[in-house]
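> missing the sequence, but the structure's below:
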């Protein structure tokens, strides 16, 4: 029997394979979603810069056959800022875990959104620090057990989409891994969007969050756990803050056009803003 | 103030200029087209000058949200093809170690100016000389240049860009409050009198290119993002293809090359200047702004009958070992002059290795040595 290669494999860096994702990893699903979006958009990978920090999700650019940057925790957006300012023709996509985006790189996220830097940031929110062994993250929901909250998480979780919206992002959406069509559509919209686009995808981590927080390492249990706690934006408006505790509101929150960042000092006669 | 509306990169002529502005003009003359910086005294005039000058010559300026943003924006812009620089002062330089480590490991050319200050105050200091060498984690060599005047701030900034581009590595301009905030004469030559170097470029198409395979000088060519080479840049150990690789042989070969490329090009990188060394019995070694009182002290010593001479370290890292060793062979005693508790003196003692005594002449109170202090140290040592 003839074995067919996956038609999306052409976008992968052969010498980086096999990938290192655990079975059932949500970040690997997001890689798949991105490749499908890239195929539908006919993205030019010669002009694509894919950036990852440190962590499981941050490994995605290692596997993409694009111009790739990898290996420093939380600094994806500063890299992207330098790249976009020097060569605006390049398309920049960031693959960020919730640690990169909400913890160590949090201020960079706020500032890049405020500036409306013309990049796409895909945040795979797996609700914990997975690569380092399942420690609590700023996105971890209350009361669950992680490696560093053995008696239950005491902190309220971060809502990254609200943060990005408040800071000035011009495209903001959240979906989860059980929503491939919505996720792919959001990635496509974000890649086509001119300005700072953030797509958060809530994702299962069977190995750590699954086993520790929800008591099952089965990927399907992780997907269902998130799905059961997800609520559509149109339904969420009728729920109180108490009712939304521990839930994931999904939908498109911001979609607007504003001037993009071209540098902190732009000379009027050189075509920039006053 | 800098000449805001001047859209020329090279302001040929004779100027009376602030040291920090001389850095700006040196960078522009070298071809700098990206700058990112976070406010910090006494480096602010570099950012302010860049904010005014860069947009008029087609460059991009970013005021980062912190020093981490600045150093990573610089490395990102560099990979996109820019000649890129940031400037900071001691406390801000701390934050940049993370980005410098990355730039070293992934071989990204960039220039960092550290205007040394002293524990939050704008005191004169050379207390960061060891951090400049050893700041980032992991094995590495550093190239650090130590200007001693406004003219050298201009000249060495150009040289820093040239070395960064040639060897694909960060180069540090070790400035000091003293010279950064001093105004004095600066002569800017005609553009065609300024040596400008560019990073090595691939000569083969992407499918034949190994991004971390070095040329004979130890440096691999570097294409810009967007040229179709689709390179993976990672902090993690990587082979010649750029693939992350956990083989100990690959790791060892990578770091042997990254550190080796600096030492292998010693003649091009290391510069010193000698004054009155032809017959010197007392050798004075100084760097940065300490060169100036040291030179005055040497001249006074010679007037008083002591055959003294000065070895000025224009490059402090890598250590000018050959020149220091030769001085130790020649002299009866060496004075190590610096503005800290005595740091670089340890390197001098290591290289001298007992060939002659080394006297530490240190001053750590926010003030440059006076010539008479250095002269007295010479006289005491020569008794």
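That came in fine, so what should we check first? If you're wondering where the values come from, they're calculated on a predicted model, not measured in any experiment.
> Please enumerate the helices of the stretch 1-150 of chain B.
B:19-30, B:44-53, B:67-79, B:90-95, B:97-105, B:129-134, B:150-167 (DSSP state H, counting those that start in this stretch).
> List the residues that contact residue B:231.
With contacts defined as Cβ atoms under 8 Å, 6 or more residues apart in numbering or on different chains, the neighbours of residue B:231 are A:67-68, B:211, B:223, B:242. In this view, the C-beta of every residue, glycine as well, is placed from N, C-alpha and C.
> Enumerate the residues of the stretch 1-150 of chain A near chain B.
Those residues of the stretch 1-150 of chain A that sit near chain B, judged by Cβ under 8 Å from any Cβ of the partner chain, are A:13, A:15-16, A:45-47, A:49, A:61-62, A:65-72, A:75, A:77-83, A:85-87, A:89-90, A:107-108, A:110-111.
> From these, keep the buried residues only.
A residue is treated as buried here by neighbour count (16 or more other Cβ atoms under 10 Å in any protein chain shown); on that basis the buried members of the residues of the stretch 1-150 of chain A next to chain B are A:13, A:16, A:45-47, A:49, A:61-62, A:65-72, A:75, A:77-83, A:85-87, A:90, A:108, A:110-111.
> out of the residues you listed, which are inside strands?
A:49, A:67-70 (DSSP state E).
> just those residues now: which is nearest residue A:22?
The shortest gap between residue A:22 and any of those belongs to residue A:70, at 18.7 Å (Cβ to Cβ).
> so which strand or helix has residue A:5?
According to DSSP states H and E, residue A:5 maps onto no helix or strand at all.
> What are the buried residues along the lengthiest helix in chain A?
For chain A, the helix with the greatest residue count under DSSP state H is helix A:26-41. Neighbour counts using 16+ other Cβ under 10 Å place A:26-38 of helix A:26-41 among the buried residues.
> Equivalent analysis for stretch B:335-342, please.
B:335-340.
> Could you do stretch A:189-209 as well?
Counting neighbours by 16+ other Cβ under 10 Å, the buried set in stretch A:189-209 is A:189-191, A:193, A:195-209.
> likewise stretch B:361-376?
The neighbour-count criterion (16+ other Cβ under 10 Å) identifies B:361-364, B:368-369, B:371, B:373-375 as the buried residues of stretch B:361-376.
> Residue B:124 - nearest residue in space that isn't next to it in sequence?
The shortest distance from residue B:124 to any residue that is not its chain neighbour, by Cβ to Cβ, 6 or more residues apart in numbering or on different chains, is 4.7 Å, and that residue is residue B:178.
> In contact with that neighbour, which residues?
Residues counted as contacts of residue B:178 (Cβ under 8 Å, 6+ apart) are B:124, B:289, B:368.
> Columns pLDDT on top of those, output as JSON lines?
Output for the contacts of residue B:178, formatted as JSON lines (pLDDT from 0 to 100):
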{"residue": "B:124", "pLDDT": "93"}
{"residue": "B:289", "pLDDT": "97"}
{"residue": "B:368", "pLDDT": "96"}
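> any idea which of these is the one closest to residue B:54?
Distances from residue B:54 to the contacts of residue B:178, taken as Cβ to Cβ, are shortest for residue B:289 (27.4 Å).
> What is the burial count for that closest one?
Neighbour count for residue B:289, taken as other Cβ atoms under 10 Å in any protein chain shown: 27.
> That one looks like it's in a strand, true?
No. Under DSSP: H, G, I helix; E, B strand; the rest coil, residue B:289 falls outside any strand and is assigned helix.
> do you know how far the closest residue to chain A within the stretch 201-350 of chain B is from residue B:214?
Among all residues of the stretch 201-350 of chain B, residue B:235 sits closest to chain A, at 3.2 Å; criterion: Cβ to the nearest Cβ. The spacing between residue B:235 and residue B:214, counted by Cβ to Cβ, to the nearest Å, is 19 Å.
> Spit out the contact partners of whichever residue of the stretch 101-250 of chain A sits closest to chain B.
When distances are taken as Cβ to the nearest Cβ, the stretch 101-250 of chain A reaches nearest to chain B at residue A:111, 4.2 Å away. Under the criterion of Cβ under 8 Å, 6+ apart, the contact list for residue A:111 reads A:77, A:167, B:65, B:69.
> No more questions from me, cheers.
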